[in-house]
Each structure stands twice: as C-alpha cells, then as structure tokens.
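Colleague: Here is the input, now give the coordinates:
(one chain, ligands or ions: 2)
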Amino acid sequence: MSDLLGVAVLGAGHMGADHIRRLAHVVSGARVAAVADPDAGRAKEAVAGLDGVVVHTEVEAALAAPGVDAVLIASPGPAHEEALLAAFARDLPVLCEKPMVPGSAGALRVVEAEARLGRRLAQVGFMRRYDTEYRRLKSLLDSGRLGRPLMLHCTHRNVSSPPGFTSAMLIDSSVSHEIDAARWLLDQELTAVSVFRPRPASGAPEGLLDPQFVLFETAGGALVDVEVFVNCGFGYQVRCEAVCEQGSARIGEEHAMAVTAAGAASREVPDDYLVRFADAYDREVQAWVDATRRGRVTGASVWDGYASSVVAEAGVRALESGGRVTVELAPRPDLYAGVSR
Ligand SMILES: NC(=O)C1=CN([C@@H]2O[C@H](COP(=O)(O)OP(=O)(O)OC[C@H]3O[C@@H](n4cnc5c(N)ncnc54)[C@H](O)[C@@H]3O)[C@@H](O)[C@H]2O)C=CC1
Ligand SMILES: O=C1[C@@H](O)[C@H](O)[C@@H](O)[C@H](O)[C@H]1O
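Modeller: Numbers count the residues shown, from 1 in each chain. Ligands and ions are numbered 1, 2, ... in the order given. Down below sits the predicted model:
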C-alpha cells in the first residue's frame, strides 16, 4: 500500500458519487484509485477533476486495477453479493452500503464466505452508528440511567422515492436502517415482525404501499415501531424516541437551524439523507479508512448485515401475508462471537 489507501468504488450513482467526493476531498488517508459502473458516463462525471482514477464498466477490472487496496460498494443492493465475494477472493477490505445483501440466502452466503476466510474483511454501511445524536442515545441507554428500555418509537420519512422503488423496499432498504439501529441501541435481536398499512397516500406512485407501520418484537421483551413514509413530500425526517422504565429520550428534532422572523418561528428540515446524515457518512468513511490502514475492521459486521436481511425478509413476508412473522437466524459463526451488535 502507498501512503494513501487506494479505494475502488463500485457504483457511481447518488451514494457512489458522494462517497467519491468524500474520499477525494473530505477524509484523510485515502484516494480513489478506480471506479466501476456499467454507466461509464456517470462514472466519468463522478471522477471529473480527480487525477489518476481509472474508470471501468466491469467490477473485476476495477478490483484488479493498479493501486487498489480496498473496495467501497455503492452499487444497487442486488449487485452486492457478487461484489463482496469478488473482493473476498482478492483479500480486499470492504465498506459495503446497506442493505449488505437484500435476501437472507445471499446474505448467509456472504457470512459463510467471510467465516471461511477466518477473519473479518467487510464493514456494512449502517451510518447511523456514526451519527452524533444516535451515539448520544446509545451512550445514555448503555449507561442504565433511564433503566430498562421498553419501547422505541421511530419515524423514517423521505420526500420521495426513486424510480423503481417497491413496497418491499420500504422495509428491506429504508427500514433496514431502523432494524440495525434497534439491534445496536438495545443490544438485542429482533424476534418477530408485523406490518400494518393505512390506505396509501395520494402522493405515492400507483401501486406503492406507502406509508407502512412496522412493529418489531425483541428478544428482551421490548417493542420497536417504525412509521416509514417514503413519499411524504414535506421533508426528510428521521426520529427515534426511547421509552425506558425511568425516563425517555428523543433524537431527530434538533438537526436544523431555528429561524424566528416576522412574528413566527420556523425550523429548517433537510430534504434528504445526504444532508441529514452528511456528518455521519464522513465519520463512517473516515473510521473505515483509519481501521483499514491499521489492518482492522470496525463498525457493523457482516453478521449484522445478515441479521438485518433476515429481519427485513420476515418484514416483507409480514407485509405480504398481513400476519405476524417470526425471525429465525442461522447459528452465529465463531468469527462473530466476540463482536457486539
Ligand atoms: N446509507 C444510506 O443512507 C444510503 C444508502 N444507499 C445504498 O447505496 C447503494 C446505491 O444506491 P444509490 O446510489 O441511491 O443508487 P443509484 O441508482 O443512484 O446508483 C447506483 C449506481 O450503480 C451502478 N451499477 C449498477 N449495477 C452495478 C454493478 N453491478 N456494479 C457497479 N455499479 C453498478 C448504476 O449504473 C448506478 O450508477 C444501495 O445499496 C442503496 O441502498 C442509498 C441511499 C442512501
Ligand atoms: O438508505 C437510504 C435509502 O436507500 C432509502 O431509500 C431511504 O429511505 C433512506 O432514508 C436512506 O438513508
């Protein structure tokens, strides 16, 4: 490795282009060494002005490019399994955007492949673990000051959903964040899921079941509810309130400037995740670069990615069946025994 970690970025869409900018201009210790995207024009646009970046349309060519030490996967979810396995075959450390793999069977194949390597190589991009408010809430819950957590009430609203967004993706793409955050905040597995839905909003695309209300049960007897509404039209809002035996704590309200003028007070609302979670993505990628340069892997593990996929898959079945679906995890390989959620 040269002084800088050479990163191959797979996928140069919304997230990939933002991560390329971040690697090139925000975080220290890394450089973009190669990019792969079947849409070469999009990739070239994302690397415009950067020196020494080779653009490919094939993943394998980018992984084999000179100076590549690590991989950041920002292609669509269905492409992640192949990319992860290709990176493992080349012994390259990975930061993989969520969902790690949409679907439990593919996610388990990734767990098994990493377990066969006998050491962790990949981190999953659940960036809320790096958000200041989420971290404060996690510290408070871990301190025990509020007593045992009873419930988490979560809100996850997007202004609009991208083309091709399906009713299942409200759960396996959007709510995957709350699944990971709940497992991490409570340090408990989610054991069952039910999904309720009101009449779809008139602003939602034809046929999309939006919004949905998802209810998780946990191994420790807590409940986690999530209102997910991806075409709300009025702002990007992510909130979480923990209700515990001796108090409650709420995050997600303060991430904006409050303006008072003309006899009225108003507060800005971000319009998407790139604004709301900008600092969290920066910290996540910096932490990944730092850990990788030290030969370490931190953050959400491949096991966390698998658990999230299993819970999300149960959620999609609950949506389709209208019933309560229990969550069955495979036995956890020894590799993840000492790794906390
Ligand atoms: N952490 C977060 O908050 C967010 C994460 N994401 C995740 O990031 C990933 C990408 O999402 P977006 O950037 O919104 O999608 P996008 O559709 O904007 O971009 C995806 C890009 O990947 C390219 N691509 C397609 N197949 C590929 C392959 N096999 N190899 C390499 N590139 C390929 C496409 O041509 C496109 O340029 C998804 O996993 C998504 O769930 C997306 C938004 C926010
Ligand atoms: O990961 C993300 C998107 O893929 C997803 O579609 C959005 O609902 C989330 O808010 C965003 O963080």
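
Colleague: what does the chain put close to ligand 2?
Modeller: Taking Cβ under 6 Å from any ligand atom as the criterion, the neighbours of ligand 2 within the chain are 158, 173-174, 177, 230, 273. Where you see a C-beta, it was placed from the backbone N, CA and C, and this is true even at glycine.

Colleague: just those that are near ligand 1?
Modeller: 173, 273.

Colleague: Distance-wise, check residue 189 relative to residue 93.
Modeller: According to Cβ to Cβ, to the nearest Å, residue 189 and residue 93 sit 27 Å apart.

Colleague: okay, the two: which has more neighbours?
Modeller: The residue with the greater number of neighbours, taking residue 189 and residue 93 and applying other Cβ atoms under 10 Å, is residue 93; the counts read 24 against 17.

Colleague: got a list of what the more buried one touches?
Modeller: Applying Cβ atoms under 8 Å, 6 or more residues apart in numbering, one finds that residue 93 lies in contact with 69-71, 87, 121-122, 292, 297.

Colleague: how far away is residue 10 from residue 137?
Modeller: Taken as Cβ to Cβ, the spacing of residue 10 relative to residue 137 amounts to 32 Å.

Colleague: Residue of this protein closest to ligand 1, please.
Modeller: Residue of the chain nearest ligand 1, by Cβ to the nearest ligand atom: residue 13 (1.7 Å).

Colleague: Give me the phi and psi for that residue.
Modeller: Its backbone dihedrals place residue 13 at phi -80, psi -140, with angles given as degrees, to the nearest 10.

Colleague: Output the below-cut-off pLDDT ranges for the stretch 1-150 of the chain.
Modeller: For the stretch 1-150 of the chain, the stretches flagged by pLDDT under 70 are 1-2.

Colleague: Spell out the residue ranges of the helices in the stretch 201-341 of the chain.
Modeller: Along the stretch 201-341 of the chain, counting by DSSP state H, counting those that start in this stretch, helices occupy 273-276, 278-293, 302-321.

Colleague: In the stretch 51-200 of the chain, what residue comes closest to ligand 2?
Modeller: Distance from ligand 2 to each residue of the stretch 51-200 of the chain (Cβ to the nearest ligand atom) is smallest for residue 174, at 3.3 Å.
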